[in-house]
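> structure here, sequence nowhere to be found:
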C-alpha cells in the first residue's frame, strides 16, 4: 500500500487557486505619475487622472511611477506572505495584452500638481514640484539617469490586460520588494512600469489615484503575518467538516509547538508536511482543496498521527535552536474517502524566534 506521502506527491498538479492570509489589507497608491520623454523635461501630468506605459503614436516613451506607503499600513516586523498589484486599464493598443516590466525605483520623487489637457497622453507644461523625464522635483532636482533611476532588472513582469481592472499574481519579486519596504521604509521609492518602448503606438492608459472612480485607483493587496504564529488558506472538506490546523505555542528555539487538527475523519491516519517557504498561491488538488507548500522547495514529513473518534489530533514539532527569523509552513494530510484518497488542512505558519 503506498504511503500517505507518496499519495500526496503523486497527485500534485499545477493549477492555481486563490488563498487568504492571516491578515489582508488593500492600500491605495499615495503617489503616481507619468514620465513623458522630453529632452528638457518640460512635460508632466502629476495630478492627472491617467498615466501611461509604453510608446505613443507621436512617438514618445511613457513610463508610470507608483508609490505605496506600506510601512504606514503594515505593522513593523511583519512577514509579507503575499502581495498583488491592481491597476485599472482605461485603454490599450488594439494588438492585445502588453508585456509590462516593473522596476524598483532607487531615488525619491515628488508627485506635483500639473494636469494635462485632453486625453493626457501628450502631457502638460511642467511646473515646480513635478516629476519629469529629467527631474525628480522640477526644476532643481534631477534623476541621475534620464527617464528615471531604477534597478535594471525588473522585480517582476506581467502581461497587462486590454481593459478594466487587472490584478497580478503574487510574484516572488513583488513580495520581496514589499517586505524590503517594511523592513527599511526609507528605501521605499516605489515602482516604475515599463512597456514595449520599441513599438510605436504600444502605450497603455491607466487610471491614477486622482481618478473620480475610487474603485479604479492603483492598489496593493497585501497578506501578512504580524505575530509568531498564524494560519493561511482553508482546508479541504472532509466527512467531518473542513479540515483545520491551528498551531499553538511560541516558536522559539527548542520549543514544542502543538499542531491541533479538527474536523478530520475519525480514527484516520495523517501526517504533517513542513517547508521553509510558503507558496503565495495554492496548488489545486480538487475543488476547494489545495496544497500551500512550494512544489519547487524542500518538503519534509514529520511523524504520522492517528485522529481520535471525534476527528481531532494534536501532534507536535520541536523548533530547532539557533535559527530565528525563519518562516516554517506546516500542512497536514489525512486519509479520507475523497476522490484522491486524502484531504489537506489549511497551512499553519510559524516564525522562529
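Thanks, I have the structure now. If you're wondering where the values come from, they're calculated on a predicted model, not measured in any experiment.

> mind listing what the closest residue to residue 162 other than its chain neighbours touches?
Computed as C-beta to C-beta, 6 or more residues apart in numbering, the closest residue to residue 162 that is not its neighbour in sequence is residue 92, at 4.7 Å. In this view, the C-beta of every residue, glycine as well, is placed from N, C-alpha and C. With contact taken as C-beta atoms under 8 Å, 6 or more residues apart in numbering, residue 92 is in contact with 98, 160-163, 204-205.

> the spatially closest residue to residue 234 that is not a sequence neighbour and residue 25, how far apart?
If the residues on either side of it in the chain are set aside, residue 234 comes closest to residue 346, at 5.5 Å by C-beta to C-beta, 6+ apart. Separation of residue 346 from residue 25 (C-beta to C-beta, to the nearest Å) stands at 20 Å.

> quick one: mean pLDDT over the helix or strand harbouring the residue nearest to residue 234.
According to DSSP states H and E, residue 346 maps onto strand 342-351. What strand 342-351 shows for mean pLDDT is 96.

> any idea how far that strand is from the chain center?
Relative to the centre of its chain, strand 342-351 is centred 20 Å away, using C-alpha atoms, centre = their mean, to the nearest Å.

> wait, isn't residue 300 in contact with residue 275?
Yes. Residue 300 sits in contact with residue 275 when judged by C-beta atoms under 8 Å, with a separation of 7.3 Å.

> which of the two has more neighbours?
residue 275 (20 against 13; other C-beta atoms under 10 Å).

> separation between that one and residue 228?
17 Å.

> between residue 346 and residue 25, who's got more neighbours?
Taking residue 346 and residue 25 together and counting by other C-beta under 10 Å, residue 346 has the greater number of neighbours (24 against 13).

> show me the contacts for that one.
231-235, 243-245, 292, 331.

> direction included, what does the strand holding residue 346 pair up with?
strand 229-232 (antiparallel), strand 327-335 (antiparallel) (DSSP bridges).

> out of the ones you listed, which is the most enclosed?
Of these, the one with the most neighbours on average (mean count of other C-beta atoms under 10 Å) is strand 327-335, at a mean of 23.

> average model confidence for that one?
96.

> quick one, strands of the stretch 251-353 of the chain?
Listed in chain order, the strands of the stretch 251-353 of the chain (DSSP state E, counting those that start in this stretch) span 256-262, 269-275, 282-286, 289-291, 299-306, 316-318, 327-335, 342-351.

> same thing with the stretch 51-200 of the chain?
Using DSSP E, counting those that start in this stretch, strands in the stretch 51-200 of the chain cover 61-67, 79-91, 98-104, 124-125, 135-137, 141-142, 156-160, 164-167, 191-194.

> tell me which helix or strand of this structure sits lowest on mean pLDDT?
Least confident helix or strand of the chain, by mean pLDDT, DSSP states H and E, is strand 16-17 with a mean of 29.

> that older thread, mind putting the strands of the stretch 51-200 of the chain into a markdown table with mean pLDDT, mean neighbour count and distance to residue 342?
Putting the strands of the stretch 51-200 of the chain into a markdown table (pLDDT from 0 to 100; neighbours: other C-beta atoms under 10 Å; distance: least, C-beta to C-beta, whole Å) gives the following:
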| stretch | mean pLDDT | mean neighbour count | distance to residue 342 |
| --- | --- | --- | --- |
| strand 61-67 | 98 | 24 | 43 |
| strand 79-91 | 96 | 22 | 25 |
| strand 98-104 | 94 | 20 | 39 |
| strand 124-125 | 98 | 16 | 61 |
| strand 135-137 | 98 | 21 | 56 |
| strand 141-142 | 98 | 15 | 60 |
| strand 156-160 | 94 | 18 | 34 |
| strand 164-167 | 94 | 14 | 32 |
| strand 191-194 | 98 | 26 | 41 |
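
> out of these, the one nearest residue 148 is which?
strand 191-194 (5.4 Å; C-beta to C-beta).

> can you list the strands that that closest one pairs with?
Strand 191-194 has these strand partners (DSSP bridges): strand 61-67 (antiparallel), strand 98-104 (antiparallel).

> measure stretch 225-242 end to end?
Terminal residues of stretch 225-242 lie 22 Å apart, using C-alpha to C-alpha, to the nearest Å.

> buried stuff in that stretch?
225, 228-238, 240, 242 (16 or more other C-beta atoms under 10 Å).

> and for stretch 127-138?
129-138.

> for residue 248, see how far away residue 233 is.
The value you get for residue 233 to residue 248, if C-beta to C-beta is used, is 18 Å.

> repeat that for residue 275.
Residue 275 sits at a distance of 20 Å from residue 248 (criterion: C-beta to C-beta).

> surely residue 215 forms part of a strand?
No. Assigned with DSSP: H, G, I helix; E, B strand; the rest coil, residue 215 falls outside any strand and is helix.

> show the pLDDT at it.
96.

> residues contacting it?
88, 165.

> likewise the one 3 residues further on?
With C-beta under 8 Å, 6+ apart as the criterion, the residues that contact residue 218 are 28-29, 32, 66, 85-88, 206-209.

> output these as CSV; include the columns distance to residue 54.
Converted to CSV, those look like this (distance: C-beta to C-beta, whole Å):
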residue, distance to residue 54
28, 23
29, 19
32, 16
66, 15
85, 17
86, 19
87, 13
88, 16
206, 10
207, 16
208, 16
209, 20
